[in-house]
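got a predicted structure plus its sequence, pasted below:
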Amino acid sequence: MNIGFDGKRAANNLTGLGNYSRSLIGQLARYFHQNHYFVYSPKIKDQPQINSFFEDARISLKLPQYGGPKFMWRSYGIKKQLLKDKITLFHGLSQEIPLGLKRTGIKSAVTIHDLIYLRYPQYYKPADRYIYHLKARYACINSDRIIAISECTRRDIVQLYQIDPSKIEVIYQSCDDTFKQEPDLSLHQHLRAEYQLPEKYILNVGTVEPRKNLMLIIKALKEIDSDYALVVVGKHQPYAKLVQQEIERLDLGHRVIFLQGLPFSALPSIYQMASLFIYPSYYEGFGIPIIEALYSEVPVIGATGSCLEEAGGPDSLYVHPDNPQELAEQSNRVLNDKILQQHMKTMGKIYVQKFDNHLLAKQMMDCYLKTLK
């Protein structure tokens with residue numbers, strides 16, 4: 001088959017949807033090499049992580065020729081190219097498909113990551129929220145198959161867009177293979193010195209924005225074992241100023257380390273050296289950082305209320321996202337109990353195997369084949 005993908009994120013984004021896109025396409029090319037995979041993007045970022053992805057001979061980068069506004073190429077400009085390339089199935093990897101694609105006779109699937117802009121509209125600008133809603137709703141109605149990245153997202157699609165549940169497949173995500181490698185102790189020592197990391201620390205990874213709820217950890221930190229610092233890895237949004245004010249109010253500046261612009265290659269080691277990973281987000285489509293932590297054999301505490309229990313499994317711990325006292329108690333419970341730590345590490349590593357690349361690639365290919373029937 002010739003399978004086409006919306007490659008805007010794969011060719012330009014280094015995190016989030018970019019990682020999802022490259023990981024999925026790469027897995028399909030590896031395990032189902034009889035097919036050809038076309039990735040469509042009007043531009044490509046010159047970056048090693050992206051360049052190495054396109055070195056696979058089975059993956060072809062296509063730069064669509066479109067005379068209209070560049071921001072409209074995914075909606076209009078791509079269809080002629082899909083027909084020219086004799087695409088059997090097109091997969092929109094980030095919540096949209098081209099307008100009128102059904103009229104071309106090309107089958108389509110769309111990945112819906114989340115509908116957070118409807119659940120928590122206050123986190124989005126009105127114009128952004130309106131555009132996200134229009135594109136996702138159109139894709140859900142007009143695609144031949146919807147791929148939800150969690151049961152939570154599936155429920156949202158059914159409830160908020162009134163979509164027939166039989167049209168939706170839940171196919172989880174994995175994480176980059178670098179998180180599945182054995183620890184490199186020499187690299188650990190180098191990074192610990194370079195970033196002045198303490199011997200004992202709690203880790204949080206994610207954009208510092210209201211939805212990710214870093215404030216909960218800061219409020220709990222005062223009551224968490226003082227031998228442990230907090231390391232926060234992620235891009236700062238304006239919310240970071242409020243977090244910093246709370247850190248100063250609680251006199252915790254000596255216990256909080258912010259790392260921005262961290263090379264992706266360093267992240268697995270930062271996980272592996274952590275004593276505990278906390279992810280207190282109010283709402284997620286899935287929660288890849290939890291998967292990264294489980295593969296890194298780090299105990300996980302997540303928040304209730306969305307899909308994080310799906311990502312973390314039954315042996316991770318979960319707290320209410322507005323209860324710092326509960327977070328402090330659970331954190332101390334883990335940090336002070338070696339037997340519990342080892343249990344969470346062992347059972348987490350077993351649970352996370354359900355997100356194995358080969359298994360997820362097979363589920364996706366089976367979904368494609370069912371869509372083409």
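Looks like it arrived, so ask away.

export only the CA atoms of the helix or strand bottoming out on mean pLDDT in the chain, formatted as CSV.
Taking mean pLDDT, DSSP states H and E as the measure, the chain has helix 48-53 as its least confident helix or strand, at a mean of 88. Coordinates of each C-alpha in helix 48-53 appear next as CSV, following Å, rounded to 0.1, in the frame of the first residue of the first chain:
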residue,chain,number,x,y,z
PRO,A,48,19.3,15.8,13.6
GLN,A,49,16.3,14.2,15.2
ILE,A,50,14.2,14.9,12.1
ASN,A,51,16.8,14.3,9.5
SER,A,52,17.6,10.9,10.8
PHE,A,53,13.9,10.0,10.6
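
what sits against Tyr351?
Counting by Cβ atoms under 8 Å, 6 or more residues apart in numbering, Tyr351 makes contact with Leu294, Gly312, Gly313, Pro314, Asp315. Where C-beta positions appear, they are placed from N, C-alpha and C, glycine not excepted.

run through who's touching the least confident helix or strand of the chain.
In contact with helix 48-53 (Cβ under 8 Å, 6+ apart) are residues Ala10, Ala11, Asn12, Leu14, Gly18, Arg22, Ile25, Gly26, Ile44, Ile59, Phe264.

keep only those of these that are in helices.
Judged by DSSP state H, the contacts of helix 48-53 include Gly18, Arg22, Ile25, Gly26 as members of helices.

out of those residues, who's nearest Leu134?
Gly18 (22.9 Å; Cβ to Cβ).

state the mean pLDDT of stretch 100-120.
Stretch 100-120 carries an average pLDDT of 96.

tell me how far the ends of it are from each other?
30 Å (Cα to Cα, to the nearest Å).

can you give me how far it is from the chain middle?
18 Å (Cα atoms, centre = their mean, to the nearest Å).

what of stretch 129-136?
20 Å.

can you map out the strands along the protein?
2-6, 36-40, 59-62, 89-92, 107-112, 145-148, 168-170, 201-205, 229-233, 256-259, 276-279, 300-303, 317-319 (DSSP state E).

any chance of those strands in CSV, with distance to Tyr76 and mean neighbour count too?
Converted to CSV, those look like this (distance: least, Cβ to Cβ, whole Å; neighbours: other Cβ atoms under 10 Å):
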stretch, distance to Tyr76, mean neighbour count
strand 2-6, 13, 23
strand 36-40, 13, 22
strand 59-62, 16, 18
strand 89-92, 14, 24
strand 107-112, 15, 24
strand 145-148, 22, 25
strand 168-170, 26, 18
strand 201-205, 37, 24
strand 229-233, 38, 21
strand 256-259, 41, 18
strand 276-279, 38, 26
strand 300-303, 40, 27
strand 317-319, 44, 20
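
can I get the ones you listed in a markdown table with distance to Ile157?
Formatted as a markdown table, those follow (distance: least, Cβ to Cβ, whole Å):
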| stretch | distance to Ile157 |
| --- | --- |
| strand 2-6 | 18 |
| strand 36-40 | 24 |
| strand 59-62 | 29 |
| strand 89-92 | 14 |
| strand 107-112 | 6 |
| strand 145-148 | 6 |
| strand 168-170 | 6 |
| strand 201-205 | 27 |
| strand 229-233 | 31 |
| strand 256-259 | 35 |
| strand 276-279 | 23 |
| strand 300-303 | 22 |
| strand 317-319 | 23 |
